[in-house]
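**Student:** sequence unknown, structure follows:
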Ligand code: C5P
């Protein structure tokens, strides 16, 4: 699968750089051509000689090497690759990438590239969990940068937690996914996920129990098949998947705006649990307790994002999929909902508390389309997602059989 692929591998400074030597070997064994770049701090951990010996190529280390500049400009170097991999990606490199700095060879290549970039972070646990690093990670995810890891475990510095660079097989799998010719390669797919928060005042809001687990799993499964996923998520409990473009929103109105500006897309999956109503005029100040008087909240209807997108005349995605979370007469309600909302498929599930589905790890769904209803056995949410993603891939490649 990697035969003939060209990978630009940037090795940052960190004890995990030794794993990058093995990564070069494994990539070469699989037929990939690796062009190594070693940062100055990277060269404190592995030698240029071992890197170039394993890659079978000269290692690039200096931004202002005029001889090399004459042979192959750094801009060209960053574009000749099929994929740019940064392993280990230090906190400093992530910060430079997030802010568009270009003051050494690695950051210059990363700013100049027009190819996908996959990073394998490695750093001390406090550095990884620091709000600044997490802000940078969120920015980079939004820019479409792919992440693998970091893993959790004992670290060379003696601390324990997330920060260890992923192991080589995991990085190889992420490279495969980023380069793979999945059936959804080149397709742009929108996924909404999570709950929405509808403000009452600056400190209070109305929400629901959606964890975002099913929407997150669907986004991941679509990305695994090669799709370019735009993931519009409300404030969910679980973190968004790595390999997608993340747009974070709070309210249904924000989600509506984010979805509309993400169009056009080839397909859209509406897995978010969007609040049907919002407080008509949320207060900009905290509502105070007044003796004996109870506040009265007036509600206004939220835009129905699924119905609006389904009824678009010019930018309607080729395939629109809604969810119907019901507590009784699931199939009757879901069938009617598909027609009312105008979507192509509806994924119906029973979210009665006794099923344990809302917020749980499993789901039992029925997919309703023009062709009828198809009930799937109860399975893990990741499995439901994988099966749905394959069905979407089939429908997009043979549209008439949807
Ligand atoms: O009407 P109901 O909320 O049951 O419909 C559920 C489906 O509609 C889900 O796919 C959900 O994401 C979508 N929806 C939406 N915008 C709303 C309400 C629901 O996109 N305001």
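**Tutor:** Good, I have the coordinates. Keep in mind that this is a model prediction, so the values were computed, not measured.
**Student:** Can you name the residues of this structure that neighbour the ligand?
**Tutor:** Residues of the chain lying close to the ligand (Cβ under 6 Å from any ligand atom) are 192, 252, 270, 272, 274, 276, 302, 304-306, 322-324. C-beta coordinates here come from the backbone N, C-alpha and C atoms, glycine included.
**Student:** Going by neighbour count, which of those residues comes out on top?
**Tutor:** Each of these was scored by neighbours using other Cβ atoms under 10 Å; the highest score is residue 192's, at 33 neighbours.
**Student:** May I have the residues that are in contact with the closest residue to that one other than its chain neighbours?
**Tutor:** Among residues not flanking residue 192 along the chain, residue 272 sits closest, at 3.8 Å (Cβ to Cβ, 6 or more residues apart in numbering). The contact partners of residue 272, taken as Cβ atoms under 8 Å, 6 or more residues apart in numbering, are 192-196, 210, 215, 232-234, 255, 305.
**Student:** Tell me if I'm right that residue 343 and residue 320 touch.
**Tutor:** Yes: contact criterion Cβ atoms under 8 Å: residue 343 and residue 320 qualify, at 4.4 Å.
**Student:** Looking at these two, which is more packed in?
**Tutor:** More crowded of residue 343 and residue 320, by other Cβ under 10 Å: residue 343, with 27 against 24.
**Student:** State the helix or strand in which the more buried one lies.
**Tutor:** Secondary structure assignment for residue 343, by DSSP states H and E: no helix or strand.
**Student:** before we move on, what about the one 4 residues further on?
**Tutor:** Taking DSSP H and E as the criterion, the element that holds residue 347 is strand 345-350.
**Student:** what does residue 106 give?
**Tutor:** Using DSSP H and E, the element containing residue 106 is helix 105-112.
**Student:** quick revisit: now list whatever residues contact both of residue 343 and residue 320.
**Tutor:** 270, 306, 310.
**Student:** quick one: residue 397 from residue 320, how far?
**Tutor:** 17 Å (Cβ to Cβ, to the nearest Å).
**Student:** do the same with residue 346
**Tutor:** Using Cβ to Cβ, we find residue 346 at a distance of 10 Å from residue 320.
**Student:** do residue 79 as well
**Tutor:** Counting by Cβ to Cβ - residue 79 and residue 320 are separated by 36 Å.
**Student:** next one: residue 189
**Tutor:** 11 Å.
**Student:** Name the residues contacting each of these two.
**Tutor:** Shared contacts of residue 189 and residue 320, defined by Cβ under 8 Å, 6+ apart, comprise 267-268.
**Student:** State the pLDDT value of residue 186.
**Tutor:** On the pLDDT scale, residue 186 is placed at 86.
**Student:** can I assume it sits in a helix?
**Tutor:** No: according to DSSP: H, G, I helix; E, B strand; the rest coil, residue 186 belongs to no helix; its state is coil.
**Student:** Which residue ranges make up each domain of the chain?
**Tutor:** Domain assignment for the chain by automatic domain parsing gives 6-178, 188-401.
**Student:** residue contacts, the nearest residue to residue 99 once chain neighbours are set aside?
**Tutor:** Spatially, and ignoring its direct neighbours in sequence, residue 99 is nearest to residue 136 (7.8 Å; Cβ to Cβ, 6+ apart). By Cβ under 8 Å, 6+ apart, residue 136 lies in contact with 91, 94-95, 97-99.
**Student:** that older thread, and the next element down the chain from the strand holding residue 347?
**Tutor:** Downstream of strand 345-350 (by DSSP H and E), the next one is strand 362-363.
**Student:** Quick check: which helices or strands does that next one pack against?
**Tutor:** strand 379-380, helix 381-397 (3 or more Cβ pairs under 8 Å, 6 or more residues apart in numbering; DSSP states H and E).
**Student:** Determine how far the first one lies from the middle of the whole chain.
**Tutor:** Computed by Cα atoms, centre = their mean, to the nearest Å, the separation of strand 379-380 from the middle of its chain amounts to 21 Å.
**Student:** helices or strands up against that strand?
**Tutor:** Looks like strand 379-380 contacts strand 362-363 (3+ Cβ pairs under 8 Å, 6+ apart).
**Student:** Low-confidence stretches in this protein?
**Tutor:** Along the chain, the parts satisfying pLDDT under 70 run over 1, 65-72, 181, 399-402.
**Student:** center of it, which residue is that?
**Tutor:** residue 244 (2.6 Å; Cα atoms, centre = their mean).
**Student:** so what's it up against?
**Tutor:** With Cβ under 8 Å, 6+ apart, residue 244 has these contacts: 141, 191, 219-220, 223, 229-231.
**Student:** again, only using 10 Å
**Tutor:** Shown in contact with residue 244 (Cβ atoms under 10 Å, 6 or more residues apart in numbering): 141-142, 144, 146, 189, 191, 216, 219-220, 222-223, 227-231, 233.
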